[in-house]
Structures are given as C-alpha cells and as structure tokens.
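Participant: Predicted coordinates and the sequence they were generated for:
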Amino acid sequence: MKTSLIYIITLLLFLILSGILQTTVAQERINILNADRGEGGFIDGEPVRKLIGNVRLSTDNMVMDADSVYQFENLNMIHAFNIQIETENDIIWSDTLYHNTLTDFSRFRGKVIMLSEKNTLFSEALDYDRILDVALFNEPVRFEDESGVLIARDGYYFQNTDIAFFRGDVQLADSTQYLEADSLFMNREAEFYRLYGNVYAEDFDEKITLAGNYLEADSTGHRLLAGNAWMMQVNEAETDTSHLNSEIIHVTETDTADYIDAYQDVRIWSKSFAAIADTSHYRSDIEEFRLISNPVAWQGQIQLTGPYIKALLEDEEIKYLTSYVRPLAVQEDSLTGRLNQLRGDTLEAFFDAGEIQKIVVFDNSEVIFHLKDEDDQPDGLIEMIAAGATTITFYEGELDSVYAYRNIDGSHLPEDPQNIGRQLSGFRWDPELKPEPPEIQKPRLPEISPLRPFELPERYIRYMIEHELEP
C-alpha cells in the first residue's frame with residue numbers, strides 16, 4: 001500500500017511537470033531540471049499548475065532558479081517567485097516575475113536587479129521585452145558601472161545598443177563629471193548625452209560648470225548648451241573664475257585648445273574683464289576673446305564700444321584690446337568723475353598685469369580729455385582731432401599724457417559747467433550694462449546616495465560571493 005501511494009504521487013508529479021513542459025509554448029521548449037513537488041489547482045477561477053521548492057527551469061536562452069513557479073494554462077502566463085534568471089548577456093534577480101510566454105514579455109516586481117557586462121541596475125519595477133531587448137522602468141531606477149552611478153524616476157533602456165531615456169530628477173555621476181536634469185537621452189557606449197530641463201553639469205577635469213535648459217555632449221569634446229545658458233570656468237591655479245552667460249554656448253575641446261562660442265545676449269565677467277555682445281568666440285590656448293555685433297567691453301574705468309572687439313588675456317589678466325571700425329573708448333576719472341573720450345579708425349589698448357598702460361587710435365583720431373589742477377580739481381578740457389594717430393598714456397589707471405600726430409587741430413576750453421558734458425560723435429557710456437558677477441549655481445538635487453534602494457536579495461549576494469564579485 002505504501003509503495004503504491006509513493007508510485008501514484010511520483011506519477012502525478014511527473015504528469016504535472018510534463019503538462020507544463022508540453023503546454024507552455026510551442027516555440028520555446030522549457031526543460032524542468034528540478035522541483036521539490038508539483039501541484040494543480042485554480043487561482044481566481046483560472047487553472048494553474050505549480051512547481052514548488054528549489055525550482056530550476058531552462059530554455060535554449062536561459063536558466064531560471066525560483067522558490068516556486070505557477071503556470072496559468074489559458075493565459076500563456078508564468079508567475080515565478082524569488083527568482084534568478086541567467087542568460088547569455090545578463091542575470092536578473094526579482095521577488096516576482098510575470099512572464100507572457102507568447103510575447104516573451106516579462107514584468108519583474110519587488111527587489112529587481114539586472115547584472116550585465118556593462119552595468120548593474122536596481123529598481124522595484126522592470127518590464128522587459130526580450131524580443132526588442134528593451135527594459136522599461138515605471139519606478140525609480142539606479143544604474144551602476146565601474147565608473148559611476150545614474151539614477152532617475154523612470155525611463156527605458158535598450159540593452160543591445162546601450163541607449164536609454166530617463167525622466168524625473170535624473171542624476172549621473174562618475175569620476176570625471178556630474179550631470180543632473182529633468183530628463184536624459186544617452187548612448188553610454190558612445191558617450192553621447194542629451195539633457196533636458198533644469199540642466200546642471202560639472203566637468204571635474206576641465207573645471208567647468210554648466211547650467212541651462214538643454215545640454216548635448218559627446219566623447220569628442222563637443223558640448224552644446226542652450227536656454228539661459230551659463231558657464232563657469234576656474235583657472236588651473238584656482239585663483240580666478242570667469243563666467244559666460246548667453247542663450248547658446250558651444251564648446252569644442254581639442255588636444256591643443258578649447259573653443260567656446262556663445263550666441264544671443266552674451267555676457268562675460270571675470271575679475272579683469274567684462275563684456276556684452278550678440279556673439280563671442282573664445283580660444284583657450286592664446287586666451288583670446290572675439291566679440292561681434294554690438295559689443296561693449298569694460299576694463300577698470302574704461303568702456304570700449306565698436307563693431308568688432310578682440311581681447312587677449314595672459315594668466316587670466318587682460319593684456320591687449322583692439323577694436324575697429326571707428327571704435328570709441330571712454331575712461332572715467334576716478335577723482336572727478338569726468339569722462340575722457342578717444343575715437344579713431346582703429347583702437348589698440350595695452351595693459352600690464354591687468355592695468356591700463358596705453359591706448360592708441362590710428363587715423364582720423366578725435367579726443368576729449370579733461371584736465372586737473374595741482375590739487376586734482378577739474379580745470380577745463382582739451383578737444384583735439386588729428387589726421388594721424390593719437391596715443392594716451394596712463395599712470396596707475398589715470399590719464400597721464402596725450403600725443404597726437406599729423407594735421408593736429410585742437411582747443412582748450414576753460415572750466416565751465418556748459419563744457420562738462422561735451423561728447424564725441426557716437427558717444428556711449430553705459431556702466432549700467434556692465435555684467436555683474438553672476439550667482440554661482442549649485443546642484444538642485446541632493447547628492448547621490450551610495451546606498452542601494454533596497455536590501456540586497458539573498459540569491460544575489462550568494463551569487464556575487466560565489467563568483468568573487470563585489471555585491
């Protein structure tokens with residue numbers, strides 16, 4: 001009797017397991033390698049076959065270990081619990097698996113971990129279409145690889161191409177950079193990124209910080225920042241900081257130099273130099289700024305306007321300025337507040353350690369310079385024109401002497417309230433337009449936690465230890 005009962009139970013288990021094997025899906029043969037027992041029954045009115053205890057299944061593409069597996073005969077559906085699935089490309093752990101055998105679509109819920117050669121992901125909900133090889137996340141997700149971490153509220157990821165799109169408080173940090181935005185498109189293998197909304201980025205190697213509404217970057221050194229764009233760069237000695245604001249900033253990094261192009265409402269500020277323009281171009285190896293279309297530049301008490309302005313810096317200090325055609329330089333006397341003016345076909349200004357030494361205008365020069373008496377009080381002014389060049393020298397930032405050449409014509413006007421406001425043609429004095437040091441922007445999101453979003457499953461820890469990997 002006892003022997004017959006054992007035989008019947010064994011036969012029943014064989015029939016149940018065989019039924020799962022034969023009815024699961026014609027196009028994918030499932031091999032049952034192990035199970036403590038098999039049962040049949042109904043759940044919510046649906047017939048179900050159950051494998052319970054130390055379950056191991058295999059197909060041509062994967063091996064799955066689970067505590068239990070339920071097959072719903074009429075739904076082309078398998079439910080599995082506390083699973084580990086190993087394929088050629090990745091390993092997945094999850095508290096629960098809902099797998100459609102007809103569409104090869106899986107829903108993983110609970111503590112979900114996917115380990116691949118490229119990275120490890122953690123989430124509490126993962127939908128995976130194995131035919132398209134795409135993973136969809138409806139819950140916060142965390143990616144880790146050997147260089148850094150990416151987190152987001154949701155998104156999707158194409159495993160084969162390493163292309164992903166993430167949304168909601170996206171953050172990416174590795175040894176060379178930190179990025180955050182409302183959403184992110186990326187090809188990690190190609191190191192190509194597009195960030196949208198509330199963008200903030202730091203490049204630790206180049207000591208550059210960026211912020212704006214859109215950022216595009218790749219491994220070639222190309223960066224395109226748009227929408228209220230802001231860029232801050234710290235010099236190598238970390239003694240000076242420069243700021244660039246505009247609607248669009250385009251950065252190109254090469255082995256020999258960085259090229260920074262800015263467009264629309266350009267504002268530049270550093271300790272030694274400030275400017276506005278419609279367009280600016282910067283080249284790092286020679287520290288050259290070129291300002292085009294309505295540019296205005298300021299250095300100390302000097303304002304320079306002209307159709308085109310070029311500035312050369314040395315060790316972050318202004319060294320040389322030039323402008324043409326018919327630029328205008330205005331210098332405010334720090335004691336009297338009077339405005340000295342200089343105009344010509346071409347202007348060049350020379351500086352030493354960031355302090356003005358000399359301004360030269362070439363051809364058709366015009367000058368208004370205000371005089372002071374021995375007590376440094378206003379003492380009239382001189383108006384002068386010359387067919388050739390005019391040179392103004394400065395001492396400690398103040399006008400010291402004026403030299404003019406060829407066909408000089410001028411006059412001295414005594415101190416008189418009516419003469420104070422005399423101006424050259426095209427006069428401009430716009431100190432209110434001079435950029436102020438902008439507020440340094442900071443990350444809006446908290447620092448990425450080093451902790452995983454949940455306690456690691458026992459199967460995952462055991463696997464990592466067995467394969468001498470860091471959990």
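Facilitator: Nice, thanks for sending it over. Residues are numbered from 1 along each chain as shown.
Participant: Would you agree Phe166 is in contact with Leu136?
Facilitator: No. Phe166 lies out of contact with Leu136 (C-beta atoms under 8 Å); the separation is 11.2 Å. Any C-beta I mention is one placed from the backbone N, CA and C, and that applies to glycine too.
Participant: More neighbours: these two, which one.
Facilitator: Phe166 (26 against 16; other C-beta atoms under 10 Å).
Participant: Mind listing the residues bridging to that one?
Facilitator: Under DSSP bridges, the beta-bridge partners of Phe166 are Gly155, Leu184.
Participant: hmm, back to that, which neighbours do Phe166 and Leu136 share?
Facilitator: Common contact partners of Phe166 and Leu136 (C-beta atoms under 8 Å, 6 or more residues apart in numbering): Gly155.
Participant: Identify the residue nearest the spatially most central residue of the chain in space, chain neighbours excluded?
Facilitator: Nearest residue to the geometric centre of the chain (C-alpha atoms, centre = their mean): Ala201, 3.6 Å. In space, and not counting its chain neighbours, Ala201 is closest to Leu210: 4.4 Å by C-beta to C-beta, 6 or more residues apart in numbering.
Participant: secondary structure element for the one you found?
Facilitator: strand 208-217 (DSSP states H and E).
Participant: Contacts made by that strand with the rest, please.
Facilitator: Against strand 208-217 from outside (C-beta under 8 Å, 6+ apart): 179, 181, 192-203, 222-233, 249, 251, 440-441.
Participant: ok, Gly380 touching Gln418?
Facilitator: No. Gly380 is beyond contact range of Gln418, at 11.6 Å (criterion: C-beta under 8 Å).
Participant: Between these two, which is the more surrounded one?
Facilitator: Gly380 (15 against 7).
Participant: what's the spacing between the more buried one and Glu39?
Facilitator: Separation of Gly380 from Glu39 (C-beta to C-beta, to the nearest Å): 110 Å.
Participant: Kindly report the same for Ala389.
Facilitator: 102 Å.
Participant: sorry, back to before: tell me how many other residues surround the residue nearest to Ala201.
Facilitator: 24.
Participant: May I have the beta-bridge partners of it?
Facilitator: Bridge pairing for Leu210 - DSSP bridges - gives Ala201, Met231.
Participant: which strand residues sit across from Asn34 in the sheet?
Facilitator: According to DSSP bridges, beta-bridge pairing links Asn34 with Arg56.
Participant: Compute the number of surrounding residues for it.
Facilitator: Asn34, neighbours per other C-beta under 10 Å, totals 11.
Participant: Isn't it up against Arg56?
Facilitator: Yes. Applying C-beta under 8 Å, one finds Asn34 in contact with Arg56, separated by 4.2 Å.
Participant: domain parsing for the protein?
Facilitator: 1-140+453-471, 156-257, 270-443 (automatic domain parsing).
Participant: And the strands in the stretch 351-471 of the chain, which stretches?
Facilitator: 355-362, 365-372, 378-386, 390-395, 398-404, 409-413 (DSSP state E, counting those that start in this stretch).
Participant: Sorry, wrong one. I was asking about the stretch 1-150 of the chain.
Facilitator: 31-34, 37-43, 46-58, 62-72, 77-87, 90-100, 105-116, 120-129, 134-137, 141-144, 148-152.
Participant: wait, which of the ones you listed is closest to Thr161?
Facilitator: Set against Thr161 and scored by C-beta to C-beta, those come closest in strand 134-137, at 9.6 Å.
Participant: for the closest one, packing partners?
Facilitator: Contacts defined by 3 or more C-beta pairs under 8 Å, 6 or more residues apart in numbering; DSSP states H and E place strand 134-137 against strand 120-129, strand 154-158.
Participant: Give the pairing partners of the first one; include direction for each.
Facilitator: Next to strand 120-129 in the sheet, as set by DSSP bridges, lie strand 105-116 (antiparallel), strand 134-137 (antiparallel), strand 141-144 (antiparallel).
Participant: would you list those in a markdown table and tack on mean pLDDT and distance to Asp315?
Facilitator: Listed next are these as a markdown table, based on pLDDT from 0 to 100; distance: least, C-beta to C-beta, whole Å:
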| stretch | mean pLDDT | distance to Asp315 |
| --- | --- | --- |
| strand 105-116 | 94 | 48 |
| strand 134-137 | 90 | 49 |
| strand 141-144 | 94 | 41 |
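Participant: and those strands as TSV, adding distance to Glu73?
Facilitator: As requested, those are arranged in TSV below (distance: least, C-beta to C-beta, whole Å):
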stretch	distance to Glu73
strand 105-116	18
strand 134-137	27
strand 141-144	34
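Participant: sorry, back to before: neighbour-wise, which of Ala389 and Glu39 wins?
Facilitator: Comparing Ala389 with Glu39 by other C-beta under 10 Å, the one with more neighbours is Ala389, at 19 against 14.
Participant: With adjacent residues omitted, what lies nearest to that one?
Facilitator: Using C-beta to C-beta, 6+ apart, the closest residue to Ala389 is Phe362 (4.9 Å).
Participant: now Met186
Facilitator: Closest to Met186 by C-beta to C-beta, 6+ apart is Tyr193, at 4.8 Å.
Participant: Show me what whatever helix or strand that neighbour lives in packs onto, helices and strands only.
Facilitator: If you go by DSSP H and E, Tyr193 is part of strand 192-203. Applying 3+ C-beta pairs under 8 Å, 6+ apart, one finds that strand 192-203 makes contact with strand 177-187, strand 208-217.
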